[in-house]
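**Q** Sequence and predicted model, in that order:
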There are 4 protein chains.
Amino acid sequence: MSSNTSSPTDLPDDHFHEECAVFGIYGHPEAANLTYLGLYALQHRGQEGTGIASLENGKLLLRKSPKLVSEFYTEDLLNDLKGNIAIGHNRYATAGGDPEKDLQPLTAFYSKGPIALVHNGNLTNAIELKREMENEGALFTTEVDSEVLVHLIARSTGMTMVEQMGAALSSVKGSYSFIVLLENSMLGVRDPLGLRPLSIGKIGDAYVLASETCAFDLIGAEFIRDVDPGEMVVINEKGMESHKLFVRKDAPCIFEIVYFARPDSQVFGYPVYLSRKRLGGRLAKDSAVEADLVIPVPDSGLAAALGYSEASGIPVDMGLIRNHYVGRTFIEPQQSIRHFGVKIKLNAVPSILKNKRIVVVDDSIVRGTTSRKIVSMLRAAGASEVHMRIASAPIISPCFYGIDTPTRTELIGATHSLEEIRRYVKADSLAYLSVDAMQEEIERAKDQNNSRKGFCTACFTGCYPIPFSKEERIQHGLFEG
Amino acid sequence: MSSNTSSPTDLPDDHFHEECAVFGIYGHPEAANLTYLGLYALQHRGQEGTGIASLENGKLLLRKSPKLVSEFYTEDLLNDLKGNIAIGHNRYATAGGDPEKDLQPLTAFYSKGPIALVHNGNLTNAIELKREMENEGALFTTEVDSEVLVHLIARSTGMTMVEQMGAALSSVKGSYSFIVLLENSMLGVRDPLGLRPLSIGKIGDAYVLASETCAFDLIGAEFIRDVDPGEMVVINEKGMESHKLFVRKDAPCIFEIVYFARPDSQVFGYPVYLSRKRLGGRLAKDSAVEADLVIPVPDSGLAAALGYSEASGIPVDMGLIRNHYVGRTFIEPQQSIRHFGVKIKLNAVPSILKNKRIVVVDDSIVRGTTSRKIVSMLRAAGASEVHMRIASAPIISPCFYGIDTPTRTELIGATHSLEEIRRYVKADSLAYLSVDAMQEEIERAKDQNNSRKGFCTACFTGCYPIPFSKEERIQHGLFEG
Amino acid sequence: MSSNTSSPTDLPDDHFHEECAVFGIYGHPEAANLTYLGLYALQHRGQEGTGIASLENGKLLLRKSPKLVSEFYTEDLLNDLKGNIAIGHNRYATAGGDPEKDLQPLTAFYSKGPIALVHNGNLTNAIELKREMENEGALFTTEVDSEVLVHLIARSTGMTMVEQMGAALSSVKGSYSFIVLLENSMLGVRDPLGLRPLSIGKIGDAYVLASETCAFDLIGAEFIRDVDPGEMVVINEKGMESHKLFVRKDAPCIFEIVYFARPDSQVFGYPVYLSRKRLGGRLAKDSAVEADLVIPVPDSGLAAALGYSEASGIPVDMGLIRNHYVGRTFIEPQQSIRHFGVKIKLNAVPSILKNKRIVVVDDSIVRGTTSRKIVSMLRAAGASEVHMRIASAPIISPCFYGIDTPTRTELIGATHSLEEIRRYVKADSLAYLSVDAMQEEIERAKDQNNSRKGFCTACFTGCYPIPFSKEERIQHGLFEG
Amino acid sequence: MSSNTSSPTDLPDDHFHEECAVFGIYGHPEAANLTYLGLYALQHRGQEGTGIASLENGKLLLRKSPKLVSEFYTEDLLNDLKGNIAIGHNRYATAGGDPEKDLQPLTAFYSKGPIALVHNGNLTNAIELKREMENEGALFTTEVDSEVLVHLIARSTGMTMVEQMGAALSSVKGSYSFIVLLENSMLGVRDPLGLRPLSIGKIGDAYVLASETCAFDLIGAEFIRDVDPGEMVVINEKGMESHKLFVRKDAPCIFEIVYFARPDSQVFGYPVYLSRKRLGGRLAKDSAVEADLVIPVPDSGLAAALGYSEASGIPVDMGLIRNHYVGRTFIEPQQSIRHFGVKIKLNAVPSILKNKRIVVVDDSIVRGTTSRKIVSMLRAAGASEVHMRIASAPIISPCFYGIDTPTRTELIGATHSLEEIRRYVKADSLAYLSVDAMQEEIERAKDQNNSRKGFCTACFTGCYPIPFSKEERIQHGLFEG
């Protein structure tokens, strides 16, 4: 490319990225169409590729593409995906993977027939397992960790399918919520910690599995319950059976509540919107500041900002407007434009902000680069004071359970003090929540009174619920810094 | 298509549709790239097609497509659009037009060289003018009304360009904000009523024209002023000159403030977001109701809902969540799903709504079909009472000035009483604003104290600022009902 | 593009390029589908774009694209082109034109309704006419010369359509075979010299017009006769009427016989294949040489080579094999490959050529570059002697009647003697036919005994059948050299 | 699709279909570009998909698509395929396969690193081997028989790569010419019978493998020799080594000479064009008939027709003209057109054929449907007698070695007598060659005097060089009829 041309740029987004949405349906004449709609509702969990596999008379049908759900699926395509069983997947591309080859569902044929699998999570010992199986003659065709699972199932020698799955999964470490399509059944499994969500719904007689309940709402399915940590549900002609494969040690990912899940979902039993609003309310109590306006960073900070406003009595206003037509990349001119990357998504409104002391509320800070631009935009639009409030704790450790996080050295919360971060983002004041405060508020958002043993808060605390081998610690850079 | 397959459906949206965004830039080395960004910021004004024309050494370059801005333009394409002058357009397809042929910019060659034109508005006597010119041997190649303007300019016999434009425009009726690209200049013109917006900005030495100021914000241009009603600005090497072609009789479209414009724009001198918030506040005063929560219909009702909440003291909550990944169509299953069309865009959140008396705030009602589904969704999610508040007056008349409106008989406000509408949408109560209240509040949103003669409120009042001939009245169905 | 990458290259082809195929059908329920097939059969006359316009209930439908017929048209697209009247076009892009904008059919609306036009030929005074009409206020939207015709028709003031067309065409100079679609009729016209072909066929009750008869063969239409030079046929509900617009002065293009037309067509009353075979036979008589094998340059030299072989008694062999899967461009590696451009299309076969004295027969030489590579390939494959025989006369003048020819200075026949050309192409001997011999042999190929006044042989003789004004002579460079 | 619309139809072609072209290059900086050109030259061996894999620093890069070579590869795509080793493949889709999933090269990762493979042939025991390996836990991701080979290589336990390949291949039956890409080497292997071709070439220091020598001609590579039956060549940094894996029992496919190979290739040591010409000459001697003209069915019957003409003294003429712009499908109108399917590709020329007694020469007859249409077209064009001559023996048995043949019951030669076939195709006389005559003539076409043990002639004789198990005989229907 010659040096005097513009070039397309990825839209910056200083957030953790979820790696997947999964969806499955068994026993519905429009299985592929409903899977498509489910993936439509779950688009926020992965925008770099999507796929659906269906099964008709033992024949596996598959379509996948590195596009958005709304761009890829057509009527003809869905009509091709015949059968009354289907599973689907949305994904984020991980570094190094091939955007075309490494999409899910994964499909294969093994001794028992066809198999298709979708996975949300991360198998932390996938590389070791892969090496072992390769030494025994196995072939791998993708760089997706879930391919290890398909091999384990194909090699498993238990008498019953439940035994086989138990045997296959007992060698796997990490987080997983996966759905498997077999010739006559659909399986849904969560790891013993239940790190990633997976819920069960019903539409008529058909069973549905989905990462989040918002998918059920769209297709008119009734939410039944979550798959339990360590549980496998088997859905076939006779209905649904539950099998405890492993003892549950609940440690669901707190970040699903903080940022990932859609606000209209209920995840791990918690209503997401109300949880976020409570986090914002607590922030107002723990880190009050005198101000004229509360300004959310849309859309991720909206619920917390409303909570902050309600608790503090400071009115909320949409001083940052989001352009809802942005694509995944844009073509930047050569001549630099101030705050450009953020400005294509957000615009600050001078008529609201001028001469106002404002509290700007966001859900989290990863690298701090976007926050810095936002503060600067708010000031350029006339804000006289900018107080930043973050409705979660500082992120100090990477995630190894299915979230695409930068290395520790890139996490501003891991490498800088609160005051240093404040100075970097150029806010007049900056406050986070404590991890304890987060857990308390989220528990209070729940209307039922069922006890919870607690969340995985590794990204905020560095305490990982799955012990690492020494090799893994080195490999993951946990000794660094 | 066989009867047992699903079929793609247009996403319903019970709003008026603007017909265009226009953008132009003169004297910038990255003219096409900045035009692309301007159209990016103006995508909300038209999503059914986009185009850019640039001019280099007298050669007209043109690219247009029935796609979104973020989908159509690529780096290579923008690099092909050489030259330091460019104009661009986003459009809604009007009924009967060809989605490929009838895109803008329109381009042609005439006796003075190349010409390109983009237009926002509607020429009410275009058909008559077209017939006259055809009888004199003129050829028309599109069904776009603006093609009449290009012909008028080519046939105009004035001595100077200003005289020519004056002559050409003196035979035209209706609304127009257009930008013309000529060999050595760019023109911007607004009709004498100033029905549609057109603003002037500057980036370095380059002049920019755009439908809304949010386009200036994105590219870092400074807002200078609006083109005045009846004014033509001529931009060339020497700078910008102003010419009064017609006596101004200000009647800018009030619906730009109510719904069309982006909330971060300033339109006709009014800050859009604050105007809408004031409309919501007035609604709370004029039509108070006892309730637990204010729920905006996102995103169009958000500003008014915040105003309602602030004025009433009733807390606001996001009880309707919008899916921001929806495309223009979706593939509906055959088995019907309740509230489907609305549900793919909006989801009601039971944990927020359950057993709550709510005030749901939207900007306007056209046919009422979407409002009815929204009320029903809110009740299904547990709301005990649903009071609907509309931050504008009932729509009783179609628009002939560049807005795509249904015929009178389809406008629920034209054919039903308030009580009948309330029963149709199944709300516990329903209130609109009066036209006077609207005008008062919008004036108050303005921080300068410059007097305004008033808006075009034809859609709310049936009083059209341009007299119709008898033929036009019949043709437009103004005698119906 | 960085310097160390390969780049796509146009496939070289040292031939004149025809500029168009035209096809029209009136009164057939599958008008668009048959037009598509007709264009399929006429693909050799233009491979850089294709289009079809059909008319249904006064509505013009149009699809065009810079693709091949077999690549562009789909079932859905043809089904969209409703109506029982359709016209179509294949074209070569001329220099300077826009490959997307300047495709035909041209369509417009004028005072009498819709009009569509396809054209094969070249209007030599198009630029003057265009300037005149622009000065009267006309707008041009393409750079196609045929747009002038559409304007002339729209402006024509005769009482009847025949008078209008006569008036419109009387101001036009040059070559033209065109088909016009009007609301209730289809017209076919040839210029007074009949430079380009246009034939009339019938399929059931429907009339068909096509550039060549091979299009009739494919769709099962019966060949009726050619449109006469200076004649206009009007086809409508009542059948076909003939109108003599101008006195005919027959001068059909001899190059249609030499190279352009498909060998299975009958053009201007001459069977193409047999004419070419006779040209080869005459070459054997006029320029005999002792040799072991006759080798055609496939496919253009095949018929002449068979004629040469038959007349000389020297056996013919396919010593040059053509790859029939070549596209319009290929991606050449950086490291140069000998004779690459020619070799991707032709390969010399050593087992045939080794130690053989060969006569290589081709239809014509334009620049000589390809001939030189072919001779070199034949020698590299082992040929001991290479005698080149060309089944036409040396090309010494450009064509202004619808053929894309280089300027005179690029024509090797215009600038070099026979011996110089022989040395350039590195043949052991080289011979052409004389123009008289060509005319004699072509006349003999005809089985009927109708007299012919003679061909346009301007490219071989420099004698143009239409007098040029002095300006045109300068503009065309006819004084050069 | 409603009943009154046209529909796309596959172009009929009554020939056997080869299943693959393979190409590989080791040690060239433009490996992918040359592979693309090699596949370009080999397009005739497979037109339903193409793919290239390259290797750079241990990273496998892969692009494949169900398109033609000239349609799929772009400059950008080739630039992405970095590395100085590459292999490529063109294929025919076999029934049941997925046109997208079942393309080659196949790629995988196994214990020794990346592996890519392209294959021409057919493994007759692939299904059994697949079942065995599935029972041991193997996963298959395509329905390509070659995937079995990749698994066998991955599972092979020999000490050296040569031992591993020998072990892997010793369990395989059928025909195979394959190329394997490994981290540091490229392998080329032919089965012990040498059923399918595979030649070795050199371009500078780089080694090239290709199905046919015409690929070497295009890229300027020198032909070295064929890979021997039963031989494996290993190409790496040190050069090329040869390993005899199996004892050769030469039985190369005679149909490569009769029809598949490009006439300019040398296959199994035979010059293809001259072999075909000799077959035509023999036909003239063995089955003489009084006639006026020899007419080839282009292009497959051209060489034989020239041989027939030379031997008989009857002149040859191109009475059937081929349209070289046909795609893979066409859209047929509803109203039937006589001989339509054939006519889109071939047109008979009345001016040549009228009142002539003709000998029409083709290479082979499979079902007879096309021959019947051709005879009928020739008569409709005026031929007074039509004598059909086929330059090979009647086809009586299907092929199991990599050629896509119909079942026995569809082979007209297997189910009808010569006289019955003559009556079916409606020829005045019909003659084939004997298998012995074919073998004699092909041997004579060779200029060297190396002895040959003979061809696989199973399709003409039913004698298969590889014994079938009883199950295979039943499965293949060899007992039928």
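**A** Here it is on my side, so go on.

**Q** switch to C-alpha atoms for all contacts and neighbour counts from now on
**A** Fine.

**Q** Rounded mean pLDDT for the lengthiest helix in chain A, please.
**A** When chain A is parsed with DSSP state H, its longest helix is helix A:272-286. On average, the pLDDT along helix A:272-286 is 98.

**Q** Is it positioned near chain B?
**A** Yes - under the criterion of Cα under 8 Å from any Cα of the partner chain, chain B is reached by helix A:272-286 at A:Leu274.

**Q** In that helix, which of the residues would be classed as buried?
**A** The neighbour-count check on helix A:272-286 (16 or more other Cα atoms under 10 Å in any protein chain shown) flags A:272-284 as buried.

**Q** Which member of these is positioned nearest C:Val150?
**A** C:Val150 lies nearest to A:Tyr273 out of the buried residues of helix A:272-286, by Cα to Cα, at 64.0 Å.

**Q** Am I right that that closest one is in contact with A:Val267?
**A** No - with contacts counted by Cα atoms under 8 Å, A:Tyr273 stays clear of A:Val267, the gap being 10.4 Å.

**Q** Distance to chain D added to the buried residues of helix A:272-286, as CSV?
**A** Output for the buried residues of helix A:272-286, formatted as CSV (distance: Cα to the nearest Cα, whole Å):
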residue, distance to chain D
A:Val272, 39
A:Tyr273, 42
A:Leu274, 45
A:Ser275, 44
A:Arg276, 44
A:Lys277, 47
A:Arg278, 48
A:Leu279, 46
A:Gly280, 48
A:Gly281, 51
A:Arg282, 51
A:Leu283, 49
A:Ala284, 52
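
**Q** Of the residues you listed, just say which sits nearest to D:Lys64.
**A** Comparing those against D:Lys64 with Cα to Cα places A:Val272 closest, at 43.5 Å.

**Q** List the contacts of that closest one.
**A** When contacts are counted by Cα atoms under 8 Å, 6 or more residues apart in numbering or on different chains, A:Val272 is found next to A:Ile257, A:Ala261, A:Arg262, A:Pro263, A:Asp264, A:Ser265, A:Gln266.

**Q** and A:Phe330, how far is that from chain D?
**A** A:Phe330 sits 20 Å away from chain D, going by Cα to the nearest Cα, to the nearest Å.

**Q** per-residue confidence at that residue?
**A** At A:Phe330, pLDDT is 81.

**Q** Then it would be within a strand, right?
**A** Yes - under DSSP: H, G, I helix; E, B strand; the rest coil, A:Phe330 sits within a strand.

**Q** neighbours around it, how many?
**A** Residues lying near A:Phe330 (other Cα atoms under 10 Å in any protein chain shown) number 23.

**Q** so it touches B:Ser70, yeah?
**A** Yes - using Cα under 8 Å, A:Phe330 makes contact with B:Ser70 at a distance of 7.2 Å.

**Q** the domain parsing of chain A - what is it?
**A** A:17-250, A:271-440 (automatic domain parsing).

**Q** do the first one and chain D meet at all?
**A** Right, the one you point to is domain A:17-250. Yes - contact between domain A:17-250 and chain D is present through A:107-111, A:131, A:134-142, A:151, A:154-156 (criterion: Cα under 8 Å from any Cα).

**Q** Mark which of these are part of helices, please.
**A** A:Arg131, A:Glu134, A:Asn135, A:His151, A:Ala154, A:Arg155.

**Q** and the fourth one, what is it in contact with?
**A** It stands for A:His151. Taking Cα under 8 Å, 6+ apart, we find A:His151 in contact with D:Gly137, D:Ala138, D:Leu139.

**Q** ok, 7 Å please
**A** D:Leu139 (Cα atoms under 7 Å, 6 or more residues apart in numbering or on different chains).

**Q** swap in the fifth one?
**A** If a contact means Cα under 7 Å, 6+ apart, then A:Ala154 has A:Tyr110, D:Gly137, D:Ala138, D:Leu139 as its contacts.

**Q** With the first one instead?
**A** By Cα under 7 Å, 6+ apart, the contact list for A:Arg131 reads D:Ser111.

**Q** Tell me the spacing between it and B:Gly113.
**A** 70 Å (Cα to Cα, to the nearest Å).

**Q** Next up, phi/psi of the residue nearest to A:Ala108 when sequence neighbours are not counted, please.
**A** Excluding the flanking residues, the one nearest A:Ala108 by Cα to Cα, 6 or more residues apart in numbering or on different chains is D:Thr141, at 4.5 Å. As for D:Thr141, its main-chain torsions (degrees, to the nearest 10) stand at phi -110, psi -10.

**Q** Any idea how many residues pack against A:Gly204?
**A** By other Cα under 10 Å, the residues close to A:Gly204 number 11.

**Q** can you pull the pLDDT of it?
**A** Listed pLDDT for A:Gly204 reads 94.

**Q** got it, and A:Val342?
**A** For A:Val342, the pLDDT comes out at 86.

**Q** How confident was the prediction at A:Glu472?
**A** pLDDT for A:Glu472: 67.

**Q** Repeat that for the one 4 residues further on.
**A** Residue-level confidence at A:His476 comes out at 62, pLDDT.

**Q** same deal with A:Pro29?
**A** Looking at A:Pro29, the pLDDT reads 95.

**Q** Quick check: the closest residue to it other than its chain neighbours vs chain B, distance?
**A** Spatially, and ignoring its direct neighbours in sequence, A:Pro29 is nearest to A:Asn84 (4.8 Å; Cα to Cα, 6+ apart). With the distance defined as Cα to the nearest Cα, A:Asn84 ends up 13 Å from chain B.

**Q** So what touches stretch A:311-329?
**A** Here stretch A:311-329 makes contact (Cα under 7 Å, 6+ apart) with A:8-11, A:281, A:284, A:292-298, A:306, A:309, A:345-349, A:352-353, B:43, B:70, B:264, B:324.

**Q** got the residues of the stretch 251-400 of chain A near chain B?
**A** By Cα under 7 Å from any Cα of the partner chain, the residues of the stretch 251-400 of chain A that approach chain B are A:264, A:271, A:321, A:324-327, A:331, A:333, A:337-338, A:343-344, A:347, A:349, A:351.

**Q** 8 Å - rerun?
**A** Within the stretch 251-400 of chain A, the positions near chain B by Cα under 8 Å from any Cα are A:263-265, A:271, A:274, A:303, A:306, A:310, A:315-318, A:321, A:323-327, A:329-334, A:337-338, A:340, A:343-344, A:347-349, A:351-352.
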